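Asks: Provided below for reference: sequence and predicted model.
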Amino acid sequence: MENLLKASSAKFKIHRHDNNNNMGGRKSLNYNEAGSRLRRKLASELAEESKNATPLLVHAALISSKKSKETEKTYLLQKAMSNENVWEAENKQSSIAVVPITAEAALAFLMENGLSKQQYINIKTLNKMHGCDIYPPYSELSELKLKCRPKEISYSETKVEVSLQNLLDHTVDRILSMQQEVLEIFGPTHCSLILSYGFDGSTGQSIYKQRFEQDNIDGIDQSLFVTTIIPLKLIDTRNQIIWMNNTPQSVRFCRPLKIQFIKETTDLILKEKYNLDIQIKNLKNYIYTNKQNNVIVEYKPYMTLIDGKVLNVLTKTNSCQSCPLCVLKILNME
């Protein structure tokens, strides 16, 4: 009897073997490797060990999500730490939709801020890294730039120009393509484009060490002469405004017709005026094909982009103190 009591009171010692030992046994799994049942067990054991420490566990999860750069989980855990409604925060997070930017808006953003190609790519890459890929690739902007360029541009080392007909046709086509909603409302068949044109010279430009084929001309790049047009508004036969230029003095709407390295002189002014008069006389109406009907556009140019010097040359006024319209001097005015 005594021997039986001694056997029943014997103590047994169980040794736990590590995974690194070669003594066999089931391999212990971590949380990521475990199945759903083992995950619930591990989570229950951690919760049992950390009784009444829910804020501590949430805080630990927040730090872990920040280290692993899990943005959405970090956002929801921060809301949970701030005692806000997590379900409302999650619904708010999911309701924020990423709206991509169109190629036209991206090109306007690039031009307005004077961004280079690399700067635009850097901005796109940064947004993409933060899960907000809203900017189109630069290749689409390059293709869109070509659509903004008129046809039949001629150039040389001292001059670049486009015909007035091509530039006006291109301008009207771009305006009407952006005003599709207005065309559907008014449904015009005939329109008139009112525009301003003129030319002016500039001297004292920077002189670069660039050799031209015309070696007999010294300092050819220190003088610049530019002929430009500015579209003002597009109206129909009932004087309804189809398109209006709200900033006519902005460089965004100044469309160069000719740029040349040459000094402004009286002969040059008269020659340029003669060439423009011939082109204006031979202008043809533009026909724009719309979804509903064809729109015929007539051009009405006005020479208002000139300064006092050009005005005196065109009106043959020899003195700046004389009126270019009535040729009276200040002393003779009553």
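Replies: Nice, I can see it. Residues are numbered from 1 along each chain as shown.
Asks: Tell me where the model's unsure across the chain.
Replies: The chain contains residues with pLDDT under 70 at 1-27, 31-33, 50-53, 83-97, 214-219, 331-334.
Asks: That one: helices as residue ranges?
Replies: In the chain, the helices defined using DSSP state H lie at 2-8, 36-49, 54-67, 71-81, 86-95, 103-112, 117-129, 138-147, 164-178, 180-186, 266-281, 308-314.
Asks: Flag every buried residue along the longest one.
Replies: In other words, helix 266-281. Across helix 266-281, burial judged by 16 or more other CB atoms under 10 Å covers 268-269, 272-273, 276, 280. Yep, even glycine has a C-beta here, placed from its N, CA and C like the rest.
Asks: Over to stretch 115-124?
Replies: Neighbour counts over stretch 115-124 (16+ other CB under 10 Å) mark 120, 123-124 as buried.
Asks: now swap in stretch 177-187 and tell me
Replies: Buried, per 16+ other CB under 10 Å, within stretch 177-187: 182-183.
Asks: swap in stretch 145-156?
Replies: Pro150.
Asks: Straight-line length of that stretch, end to end?
Replies: 22 Å (CA to CA, to the nearest Å).
Asks: contact partners of that stretch?
Replies: Applying CB atoms under 8 Å, 6 or more residues apart in numbering, the set of residues contacting stretch 145-156 from outside is 107, 160-163, 166-167, 169-171, 174.
Asks: and which of the residues you listed is nearest to Glu213?
Replies: Checking the contacts of stretch 145-156 against Glu213 with CB to CB, the nearest one is Val160 at 15.5 Å.
Asks: Go ahead and confirm that closest one touches Thr227.
Replies: No: counting by CB atoms under 8 Å, Val160 does not reach Thr227; the two are 11.1 Å apart.
Asks: Mutual contacts of those two, please.
Replies: Common contact partners of Val160 and Thr227 (CB under 8 Å, 6+ apart): 258-259.
Asks: ok, those two, which is more surrounded?
Replies: Thr227 (20 against 13; other CB atoms under 10 Å).
Asks: beta partners for that one?
Replies: Note on Thr227: beta-bridge partners by DSSP bridges are Phe199, Lys258.
Asks: Tell me which residues touch it, please.
Replies: 161, 197-199, 256-259, 272, 276.
Asks: Which of the residues you listed are buried? Put it as a PyMOL command.
Replies: To isolate in PyMOL the members of the contacts of Thr227 that are buried, counting by 16+ other CB under 10 Å, one can use:
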select buried, resi 161+197+198+199+257+258+272+276
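Asks: export the contacts of Thr227 to a markdown table and tack on distance to Ile207?
Replies: Shown next, in a markdown table, are those (distance: CB to CB, whole Å):
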| residue | distance to Ile207 |
| --- | --- |
| Glu161 | 23 |
| Tyr197 | 29 |
| Gly198 | 26 |
| Phe199 | 22 |
| Pro256 | 22 |
| Leu257 | 25 |
| Lys258 | 22 |
| Ile259 | 17 |
| Glu272 | 24 |
| Leu276 | 29 |
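Asks: And the contacts of Thr227, which is closest to Leu115?
Replies: The closest of these to Leu115 turns out to be Pro256 (CB to CB; 21.8 Å).
Asks: what's near enough to touch the closest one?
Replies: 226-228.
Asks: could you redo those as JSON lines and give each row distance to Leu144?
Replies: As requested, the contacts of Pro256 are exported to JSON lines (distance: CB to CB, whole Å):
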{"residue": "Val226", "distance to Leu144": "25"}
{"residue": "Thr227", "distance to Leu144": "26"}
{"residue": "Thr228", "distance to Leu144": "23"}
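Asks: nearest to Thr203, of those?
Replies: Val226 (12.4 Å).
Asks: my guess is that closest one meets Gln205, correct?
Replies: No: in terms of CB under 8 Å, Val226 does not count as a neighbour of Gln205; the distance is 11.5 Å.
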